[in-house]
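[1] how would this look folded up:
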Amino acid sequence: MKVNLTPLLNRFLFKKKEPIKDTITIVKILLVINIVKLRDKKACIKEKDRDKMSVPRTEYLQRRQKLMEKIGNGTAIFRSASLATMHNDVEHIFRQDSDFFYLTGFNEPEAVAVLAPHHQEHRFILFVQPKDPQKETWTGYRIGVEAAKIEYGADAAYPIAELEEKLFQYLAKADRIYYHFGRDRDFDRTIIGFWQKSIAMYPKNGYAATAIEDTNFILHPHRQVKSAAEIEMMRKATAISAQAHNRAREYAQPGHYEYQVQAEIEHIFRQQGAIGPAYPSIVASGANACILHYIENDRQMEENDLLLIDAGCACGYYNGDITRTFPVSGKFTPEQKAIYEIVLAAQLEAIAAVKPGNPYNQFHETAVRVLVAGLIDLGLLVGDIDEIIKEEKYKPFYMHKTGHWLGLDVHDAGGYKNRPDSWQILQPGHILTVEPGIYIAPDLKPAEGQPEVPQKWRGIGIRIEDDLLVTQDGHEILTAAVPKAIADLEH
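    Have a look, this model is predicted:
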């Protein structure tokens, strides 16, 4: 059976009075139609596949509902991340703003999410890039306006170009605006403009958004406590990170370059389905390990070197963060072993202090005390342990805190203190790192009144880091699959 599609094409695609008689042109048009349909189908499949390894849509809805309960008659506005230029017209791989992603799951640039619980019809509104087949051919699929409502549960969705026109209706009856300044200066000015407009209408309306409050203070406490789905994502990220660390330890040996070890690590990340590194991988041999954020990774490893690897992957934007230090020759020198034993002891005691009900700073203070005691035993510090800690004379050897929150951001959202004199209390669902270290840089200058460091110790840098989930009765070490006992590192 033959079907003449020419009249349909003329009518619906071109609306031309003159029929298309060129068969080749008709075939081209049909191909374009099929390509567009296939592209949309693939985009849909891509979204469904992504959902299998991420947070369910219902959880995003619950997160928004919790936040809207907090903001009451206010309106909260969240801006997506922008594309970042690598050089000239080449862009970095897009990475969504964590707050925006936490509330929406939407993973495109040039978007704005609005929460307006006081609005009669639209409580969750998205402004997104519209479908544009020509641009999508170059830069990838877009969800588009209509699908944003269907796939992401928005009560209303508009093209991002209509933001200036549409946004004010969701601010008109708000008593305050919730927005975090500092990520996008141009958009900051847009928000200030809307706020000024609201204030200007106060004499006429008798109400206005009289204040702007930071969304961080109401959103980030929610982000601190991980849901069951988030914990599963963290398990996946830490499991792949652990596998990469174990491969790196097998591969590393004198004569190899740091970047070759980095390649092994990041190969495992991608091979196992991670997005890629959660942060620039640190592969620091020899004295490079005394540089906390060393990322050049270009030195050739030598006999008797230690290799410090601080690396983790991102899965669905959830991050692993592991550090291990080991001898590339398979044997610690006496000095390296002495320092390693102190750091490991500090980490084990700090980990024991991670449990619900303890203040956040307790595991740090525990680690510091063990490190200082060990350095005193080696003669690298002298004096009363309490005075050394109080006066921070240990800081030339250990200058950072012992951990941080971990989740959608490597240094994750949430405060560490409730007040200047009150630390956050650990609770089930918190995920944090425990990472003490000792760094004896070649040019280390001791604190006043402390002895000079003998040459045999200089150039040793050691850090050991694990990721911990606070549980109902203690903790779970998510990264326990990476060995750290001396007997497991020597061969």
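[2] going by C-alpha atoms from here, please, whenever you check contacts or count neighbours.
    OK.
[3] distance from stretch 455-462 to the middle of the chain?
    32 Å (C-alpha atoms, centre = their mean, to the nearest Å).
[4] do the same with stretch 201-211
    Taking C-alpha atoms, centre = their mean, one finds stretch 201-211 lying 38 Å from the centre of the chain it belongs to.
[5] number the residues from 476 up from this point.
    Okay, using 476 as the starting number, the last item reads as stretch 676-686.
[6] run through who's touching that stretch.
    With C-alpha atoms under 8 Å, 6 or more residues apart in numbering as the test, stretch 676-686 has contacts from 549, 646, 647, 648, 649, 650, 651, 652, 670, 673, 674.
[7] list phi and psi for residue 783.
    phi -100, psi 120 (degrees, to the nearest 10).
[8] for it, give me its contacts.
    For residue 783, the contact set (C-alpha under 8 Å, 6+ apart) comprises 757, 758, 759, 760, 764, 798, 799, 800, 801, 936, 937, 938.
[9] hmm, try it at 10 Å
    757-765, 798-803, 936-939 (C-alpha atoms under 10 Å, 6 or more residues apart in numbering).
[10] now it. Nearest residue, chain neighbours left out?
    Distance criterion C-alpha to C-alpha, 6 or more residues apart in numbering; nearest residue to residue 783, sequence neighbours excluded, is residue 800 at 4.2 Å.
[11] tally of neighbours for the one you found?
    24 (other C-alpha atoms under 10 Å).
[12] quick one: the strand or helix carrying it to chain centroid distance?
    Using DSSP states H and E, the element containing residue 800 is strand 797-802. Averaging C-alpha positions (C-alpha atoms, centre = their mean) puts strand 797-802 22 Å from its chain's average.
[13] same for it, what does it pack against?
    The helices and strands touching strand 797-802, judged by 3 or more C-alpha pairs under 10 Å, 6 or more residues apart in numbering; DSSP states H and E, are helix 703-726, strand 757-760, strand 781-786, helix 809-827, strand 906-909, strand 935-938, strand 941-945, helix 961-964.
[14] quick one, which of the ones you listed is packed in tightest?
    strand 757-760 (a mean of 28; mean count of other C-alpha atoms under 10 Å).
[15] can I get it as PDB, trimmed to CA atoms?
    Output of strand 757-760 as PDB, limited to C-alpha atoms (Å, rounded to 0.1, in the frame of the first residue of the first chain):
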ATOM      1  CA  ILE A 757      46.400  14.200  44.000                       C
ATOM      2  CA  VAL A 758      49.200  11.700  43.200                       C
ATOM      3  CA  ALA A 759      52.100  13.000  45.200                       C
ATOM      4  CA  SER A 760      55.400  11.100  45.600                       C
END
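[16] okay, now the sheet partners of that strand, with direction.
    Applying DSSP bridges, strand 757-760 is found paired with strand 781-786 (antiparallel).
[17] state the mean pLDDT of the partner strand.
    Averaged across strand 781-786, pLDDT comes to 99.
[18] okay, now residue 835: neighbour count?
    23.
[19] ok, it touching residue 841?
    No: counting by C-alpha atoms under 10 Å, residue 835 stays clear of residue 841, with 11.1 Å between them.
[20] phi and psi next, for residue 950.
    Taking degrees, to the nearest 10 as the convention, residue 950 sits at phi -160, psi 160.
[21] so what's it up against?
    With C-alpha under 10 Å, 6+ apart, residue 950 has these contacts: 826-831, 902-906, 943-944.
[22] how about the residues you listed in CSV, adding pLDDT?
    Listed next are the contacts of residue 950 as CSV, based on pLDDT from 0 to 100:
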residue, pLDDT
826, 99
827, 98
828, 98
829, 98
830, 98
831, 98
902, 98
903, 98
904, 98
905, 98
906, 98
943, 99
944, 99
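[23] which two among the residues you listed are spaced furthest apart?
    Farthest-apart pair in those is 827 and 904; separation 16.8 Å (C-alpha to C-alpha).
[24] low pLDDT regions in the stretch 576-725 of the chain?
    Residue ranges of the stretch 576-725 of the chain with pLDDT under 70: none are present.
[25] can you give me the helices for it?
    608-614, 620-627, 638-641, 660-675, 677-680, 691-699, 703-726 (DSSP state H, counting those that start in this stretch).
[26] for residue 565, which of those is the nearest?
    It's helix 608-614; of the helices of the stretch 576-725 of the chain, that one is closest to residue 565 (C-alpha to C-alpha) at 11.4 Å.
[27] elements contacting the closest one?
    Packing partners of helix 608-614 (3+ C-alpha pairs under 10 Å, 6+ apart): helix 498-527.
[28] can you pull the pLDDT of residue 896?
    At residue 896, the predicted lDDT confidence score is 89.
[29] which element is residue 948 on?
    Per DSSP H and E, there is no helix or strand for residue 948.
[30] tell me the contacts of residue 920?
    871, 872, 926, 927, 928.
[31] give me the phi and psi for the spatially most central residue of the chain.
    The residue lying closest to the centre of the chain (C-alpha atoms, centre = their mean) is residue 884, at 2.5 Å. Note on residue 884: its backbone torsions stand at phi -110, psi 150 [degrees, to the nearest 10].
[32] residue 690 contacts residue 549, correct?
    No: Residue 690 is beyond contact range of residue 549, at 11.1 Å (criterion: C-alpha under 10 Å).
[33] what ranges does the stretch 726-875 of the chain have for its helices?
    Secondary structure of the stretch 726-875 of the chain by DSSP H, counting those that start in this stretch: the helices cover 733-746, 809-827, 837-852, 860-865.
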